[in-house]
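S.K.: requesting a structural model of the entry that follows:
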Amino acid sequence: MKRLDRLNDASSKGDADASYELAMLYMAGIEGVEKDEEKGFKLFVLAGHKEHPVALCRLGSCWFRGVGVPKRDKVGLVATLTPHAVILA
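M.R.: Residues are numbered from 1 along each chain as shown. Predicted coordinates:
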């Protein structure tokens, strides 16, 4: 089984680390994955719901810069500085 298949399987079973790793692959468009920032953002959300700390910070960065989601700089700043205070939608 390829790494991408393992990550997809684990992510679909609720593995936050796998969701985060997949998000990074989609954001960068590496390892045979076509770049898709919207999908990457959604995977950060999945990991964030499991309180993955780095995914929560990445969500803030995405909102702040408008990557994969419409730009919301105030939400992004708050999410980056206090990621556990943000309600993930």
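S.K.: find the centremost residue of the protein, please.
M.R.: Phe44 (1.7 Å; CA atoms, centre = their mean).
S.K.: mind checking how far that residue is from Asp9?
M.R.: 19 Å (CB to CB, to the nearest Å). Just so you know, the C-beta spots here come from the backbone N, C-alpha and C atoms, and that holds for glycine as well.
S.K.: next: Val45.
M.R.: 19 Å.
S.K.: who has more neighbours out of the two?
M.R.: Between Val45 and Asp9, Val45 has the larger neighbour count (other CB atoms under 10 Å), namely 19 against 12.
S.K.: which element is the more buried one on?
M.R.: Counting by DSSP states H and E, the element that carries Val45 is helix 37-49.
S.K.: could you point out the helix or strand that follows that helix?
M.R.: Under the assignment DSSP H and E, the closest C-terminal helix or strand after helix 37-49 is helix 53-65.
S.K.: by contact count, what packs against that next one?
M.R.: When contacts are defined as 3 or more CB pairs under 8 Å, 6 or more residues apart in numbering; DSSP states H and E, helix 53-65 sits against helix 16-28, helix 37-49, helix 73-81.
S.K.: mind putting those helices in a markdown table, mean pLDDT and distance to Cys62 included?
M.R.: Formatted as a markdown table, the helices and strands packed on helix 53-65 follow (pLDDT from 0 to 100; distance: least, CB to CB, whole Å):
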| stretch | mean pLDDT | distance to Cys62 |
| --- | --- | --- |
| helix 16-28 | 97 | 8 |
| helix 37-49 | 95 | 5 |
| helix 73-81 | 77 | 7 |
